[in-house]
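**Q** how does the following fold in three dimensions:
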Amino acid sequence: MKESWATFGADLHLDLSAGRGLRAGLTEALREAARSGRLAPGTRLPSSRSLAADLRIARNTVAEAYAELVAEGWLTARQGSGTRVAERARPRRPAGAARVRRPARQGPAYSLLPGSPDLGAFPRAAWLTAARRALADAPNEAFGYAVDPRGRIELREALAGYLARARGVYADPDRIVLCAGFAHGLMLLAGVLRARRVREVAVEAYSLDIHRDLLARAGLRTRPIGVDVEGARTGELAAGPGAVLLTPAHQFPTGAALTPARRSAAVDWARTTGGLILEDDYDGEFRYDRLAVGALQGLDPDRVVYMGTASKSLAPGLRMGWMVVPPGLLDEVLAAKGAADWASSALDQLTLAQFITSGAYDRHVRGMRLRYRRRRDEVVAAVSGRVAVSGIAAGLHAVLDLPAGTERTALQSAAWQSLALQGLSAFRHPEAGLPPRDALVVGYGTPPDSAWTPTLAALSAVLP
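**A** Below you'll find the predicted structure:
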């Protein structure tokens, strides 16, 4: 059977000069590609047979061009190694061209910024095992275009079982919608709320500005509600907002847990006004001195959108999140996601499903729980007698309360120590009616093990 041109070696783009003979044009094109650096030194060229077939010219023409360039020193040819661009060939710079210097990356030597897990602890071996099994078991249609905007059923079923067991969520797989992280899910919900003519969303007075900005870009105004040691003051919710965004299990960033009375107040508000609760359960698995409190969604699955993510438990680079959507909202969310779907790949979804169902996810979470608890204890010990640590023992960050008026000085000192650090004021809603509170938000999940000791020393040097 005649061999097809498509089975030959590596592709090589060449612009043969018009008006020249085939061999001369090919020789000059290869010479210029090597001289300019487009073909880097050491690049292996296609065999004369492959290139002749691609260009639809005689094989001898290619062989003669190669031989001429070998003689000139532009190419090398060795038995078993093929024909390559010679190491002496270097890119030609235009006359007078200035050398481009890339600025060296500069930044703090240490970081305690909140919001990130220890990326060095990602379970590479276990994830690879899950990926291999997922790939081996994947149906052929998983490699095609997605047809269900909710995401792969395998992951939705795995999540339904896990969330019900570990977080007390009422999670029917048909009501789980996969998304590319929390921000993607919030963007979809913001669009749905706007389409429902909602104009205002209540948010916690201390919260992430990127979430508030995302709501604002969707045309939604954010109204702050107070936060104290019992979590968000849900009794302040009124008839105005059509939804409220809460972090009930572990308020971000103050670290408080929403009390049962305030949980009930939030659900009562939603039932009375027809409002919607958006529950951000960003680190619900990580509790160190008490049993994990169940998700708020369990109190009323019809009025609460539960939102979770793998960003804290595994890694934000996975771009993996999920929403458990009330039945009355599901079609609108799916319509929004179908029109702007940039969720994670099907293979990543299948891998996470395998990772969960095999028990590897539970084992990883338990291991990280011990690691983060140990780090939190070390932070508390390092600052003992100097500042107070507020909030529950949970999650990947701690709040260090400072004397009034000293937050800015502490942050300046952190800069001198080459320590990336954030103050509580960075999370304060601009319209918050609360009195200013000076504190540092310490993300102890961020540093790698190799940098943990000097990072902790830098933090100690910052404190008054």
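**Q** mind checking which residue lies nearest the centre of this protein?
**A** The centroid of the chain falls nearest to residue 316 when counting by Cα atoms, centre = their mean (3.0 Å).
**Q** ok, now which ones touch that residue?
**A** Listed by Cβ atoms under 8 Å, 6 or more residues apart in numbering, the contact set of residue 316 reads 116-117, 181. (C-beta placed from N, C-alpha, C; glycine too.)
**Q** ramachandran angles for it?
**A** Phi and psi for residue 316, reported as degrees, to the nearest 10, are phi -70, psi -20.
**Q** same check on the one 4 residues further on?
**A** Dihedral pair for residue 320: phi -130, psi 120, per degrees, to the nearest 10.
**Q** relative to residue 111, how far out is the closest residue in space to it that isn't next to it in sequence?
**A** Closest residue to residue 320 apart from its sequence neighbours, by Cβ to Cβ, 6 or more residues apart in numbering: residue 310 at 4.2 Å. In this view, residue 310 and residue 111 are 21 Å apart by Cβ to Cβ, to the nearest Å.
**Q** who has more neighbours, those two?
**A** A count of neighbours by other Cβ atoms under 10 Å puts residue 310 above the other of residue 310 and residue 111, at 22 against 19.
**Q** can you pull the contacts of the closest residue to residue 270 other than its chain neighbours?
**A** Excluding the flanking residues, the one nearest residue 270 by Cβ to Cβ, 6+ apart is residue 303, at 3.9 Å. Contact partners of residue 303, counting by Cβ under 8 Å, 6+ apart, are 267, 270-271, 275-277, 326.
**Q** buried subset of the residues you listed?
**A** 267, 270, 275-277, 326 (16 or more other Cβ atoms under 10 Å).
**Q** turn the residues you listed into CSV, columns for distance to residue 463 and pLDDT.
**A** What follows is the buried ones among the contacts of residue 303, written out as CSV (distance: Cβ to Cβ, whole Å; pLDDT from 0 to 100):
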residue, distance to residue 463, pLDDT
267, 40, 97
270, 41, 96
275, 42, 95
276, 41, 97
277, 37, 98
326, 45, 97
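**Q** and which of those residues is nearest to residue 394?
**A** Nearest to residue 394 among the buried ones among the contacts of residue 303: residue 277, at 20.5 Å, using Cβ to Cβ.
**Q** name all residues that make contact with the closest one.
**A** Residue 277 neighbours (Cβ under 8 Å, 6+ apart): 243-244, 246, 266-267, 270, 296, 300, 303-305.
**Q** show me the strands in the stretch 151-300 of the chain, by range?
**A** For the stretch 151-300 of the chain, the strands defined by DSSP state E, counting those that start in this stretch occupy 176-179, 200-204, 221-225, 227-228, 231-232, 243-246, 276-280.
**Q** out of the ones you listed, nearest to residue 461?
**A** strand 227-228 (29.6 Å).
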